[in-house]
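Colleague: Next one to model:
(one chain, ligands or ions: 2)
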Amino acid sequence: MKISKLKKNVVLKNGTIIDPFNNSEKKGDIHIENGKIKTIGKIAAPKSSEIIDCKNLNITHGFFDLHVHFREPGGEDKEDLNSGSLAALAGGFTGVCTMPNTNPPIDSPESIRYIIDRSEECPINIFPIGAVTKSQKGKEITEMGTMINEGAIAFSDDGVPIGDAKVMQNALEYSSMFDIPIINHAEDECLKCDGVMHMGKVSTNLGLPSSPGITESSMVRRDLEIAVHAGARLHVPHVSSFRSVEHIKALKKKSEKISSEVTAHHLFFTDEDLVSYNTNLKVAPPIRSKKDKKALIEAVKSGTIDCIATDHAPHTIEEKEGTFDIAPFGMIGLESCFGAVNKVLTSNNKISHLELIKLLTVNPRKIMKLNQDLFKEGTNAEIAIYDPNIEWKFSLENIYSKSNNSPYLNRGLKGKIKSTIVKEHIASQF
Ligand SMILES: [Zn+2]
Ligand SMILES: [Zn+2]
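Modeller: Ligands and ions are numbered 1, 2, ... in the order given. All right, here's what the predicted structure looks like:
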């Protein structure tokens, strides 16, 4: 990947411009001047401008991932804000929200400020999510108001579920004053017990400790009920079970403040893939059955699920080399996301290409109340340029993260990012 500064005038020529905000798809050019969108249409390039040939390529908004773990501070051997940014650029992402389960956790105004200051040195836009409770211990609510003033975009104790319903209620009531989402990692720890995969035929065959879908859905139901009661914003992350989908669908009818995400890996894999004992498939919540995967795809189609996230969670080779029951939960996902979801969701016309792009652009930005009209004149250019049809095999050379715990290695994907434009730079892969 080569990253270079944009020239004063850049023209993206002869691409298919997909505008997920205005629901349009047309052939044309985009003129970027001083890093900002100037005009879109048929453009006579100004003298001395850099021309980028986009024939047979699509041009759209830079993707937005509202759920990543960049491990800084404290876990820089796995990832830091810079290396995570490179992984994002390779995947077409120009903005991400970082989860606060670092060491120490991002649970104070000062620590939010640290991420905001550091992100200014990074090549993408980074929005920190603050912890819901101090030290993510699930007891005492953080100073949300002052953290928002420093730049916190949402709150989550992700990695650790908020087990105490009263704490969840307090957090939702407090956050509703600011109309900012709470994101709870919903897995009932008593039901999960020592489970490392989804409970079903496959776990019985493999002889691994497992947990059923209700581990998630019972807590999702609880959170939804409390959020509706409090009139608060709840974003349900990494939905994995069909019963969670049913609950979200039902409670969304009662409140407009409910949103949810699905990860690329819960759409791509099933528990049958775990027969390889590949520890890179060990994630929380676990990859579930075919029935669950089918329900997730249906939920994406119907709009019950609002957006796609990666839950990019780097771990070192040494950690993932342990046996399945002791390896840590999590996989990286930024670099492989588009090729995976494009392959799963647009095959057999499950959803249109425009709908897929919305799941990666306007929908997650809407949840975080960020600008969604990125092709408007004068807007800072945030663009993904990609080939939607190329079939390719994901390999180590496609990984820019410091870690390489990806179950997509040596798997076939469809659609690949060519260039990503953000912060007056262009990152290109050849
Ligand atoms: Zn989580
Ligand atoms: Zn996570």
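
Colleague: backbone phi and psi for the most centrally placed residue in the chain, please?
Modeller: In the chain, the C-alpha nearest the mean C-alpha coordinate belongs to residue 309, at 2.4 Å (CA atoms, centre = their mean). The phi/psi pair for residue 309 (degrees, to the nearest 10) reads phi -130, psi 170.

Colleague: Name all residues that make contact with the residue of the chain found nearest ligand 1.
Modeller: Closest residue of the chain to ligand 1, CB to the ion: residue 185 (3.5 Å). Where C-beta positions appear, they are placed from N, C-alpha and C, glycine not excepted. The neighbours of residue 185, taking CB atoms under 8 Å, 6 or more residues apart in numbering as the test, are 156, 157, 158, 159, 160, 161, 237, 238, 284.

Colleague: can you tell me which of these are in strands?
Modeller: Mapping these onto strands (DSSP state E) picks out residue 156.

Colleague: Considering the contacts of residue 185, which possesses the most neighbours?
Modeller: Counting neighbours by other CB atoms under 10 Å, residue 157 comes out on top of these with 30 neighbours.

Colleague: Wait, it touches residue 138, no?
Modeller: Yes - using CB atoms under 8 Å, residue 157 is in contact with residue 138, at 6.6 Å.

Colleague: re the thing from before, the residue of the chain closest to ligand 1 in helix, strand or coil?
Modeller: At residue 185, secondary structure determined by DSSP: H, G, I helix; E, B strand; the rest coil is coil.

Colleague: how close does it sit to residue 236?
Modeller: 10 Å (CB to CB, to the nearest Å).

Colleague: thinking again about what came up before, just checking: which of the contacts of residue 185 also lie near ligand 2?
Modeller: Near ligand 2, judged by CB under 5 Å from the ion, the entries from the contacts of residue 185 are residue 158.

Colleague: so which of the contacts of residue 185 comes closest to residue 224?
Modeller: Nearest to residue 224 out of those is residue 237 (CB to CB; 13.2 Å).

Colleague: follow-up on the earlier one: in the sheet, which residues pair with the residue nearest to the centre of the chain? Tell me.
Modeller: Beta-bridge partners for residue 309, by DSSP bridges, are residue 263.

Colleague: Surely it is in contact with residue 237?
Modeller: Yes - under the criterion of CB under 8 Å, residue 309 makes contact with residue 237 at 6.8 Å.

Colleague: anything in contact with each of the two?
Modeller: Here residue 309 and residue 237 have 67, 261 as joint contacts, going by CB under 8 Å, 6+ apart.

Colleague: Can you measure across stretch 173-186, start residue to end residue?
Modeller: Stretch 173-186 has its terminal residues 18 Å apart, counting by CA to CA, to the nearest Å.

Colleague: buried stuff in that stretch?
Modeller: Within stretch 173-186, the residues scored as buried using 16 or more other CB atoms under 10 Å are 173, 174, 175, 176, 178, 180, 181, 182, 183, 184, 185, 186.

Colleague: And the residues you listed, which two are furthest apart?
Modeller: Taking CB to CB as the measure, the buried residues of stretch 173-186 span a maximum distance of 21.8 Å, between 178 and 186.

Colleague: what ranges do the strands span in the stretch 51-200 of the chain?
Modeller: Applying DSSP state E, counting those that start in this stretch to the stretch 51-200 of the chain gives strands spanning 58-61, 63-68, 93-98, 125-130, 154-156, 182-183, 197-198.

Colleague: Quick check: which of the ones you listed is nearest to residue 406?
Modeller: With respect to residue 406, and counting by CB to CB, the nearest of these is strand 63-68 at 14.1 Å.

Colleague: May I have that closest one exported as CSV, CA atoms only?
Modeller: Below are the C-alpha coordinates for strand 63-68, written out as CSV (Å, rounded to 0.1, in the frame of the first residue of the first chain):
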residue,chain,number,x,y,z
PHE,A,63,-16.6,3.2,4.8
PHE,A,64,-17.3,3.7,8.5
ASP,A,65,-16.8,1.0,11.1
LEU,A,66,-18.3,1.8,14.5
HIS,A,67,-16.7,-1.1,16.3
VAL,A,68,-12.9,-1.7,16.3
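
Colleague: Please name the spatially closest residue to residue 106 (chain neighbours excluded).
Modeller: residue 100 (3.5 Å; CB to CB, 6 or more residues apart in numbering).

Colleague: Just list the residues touching the residue in the stretch 151-300 of the chain that ligand 2 sits nearest to, thanks.
Modeller: Closest approach between the stretch 151-300 of the chain and ligand 2, counting by CB to the ion: residue 158, at 4.4 Å. Going by CB under 8 Å, 6+ apart, residue 158 touches 67, 69, 99, 100, 101, 129, 183, 184, 185, 237.

Colleague: can you check residue 108 too?
Modeller: Contacts for residue 108 (CB under 8 Å, 6+ apart) come out as 142, 143, 147.

Colleague: By mean pLDDT, flag the weakest helix or strand of the chain.
Modeller: The least trusted helix or strand in the chain, going by mean pLDDT, DSSP states H and E, turns out to be helix 317-320, with a mean of 93.

Colleague: Show me the contact partners of the following helix or strand past that one.
Modeller: Following helix 317-320 in sequence order, the next helix or strand is helix 337-346 (DSSP states H and E). Where contact means CB under 8 Å, 6+ apart, the residues beyond helix 337-346 that reach it are 63, 65, 91-93, 264-265, 267-268, 297, 300, 308, 310, 350-353, 356, 359-360, 386, 388, 392, 394, 408, 412-417.
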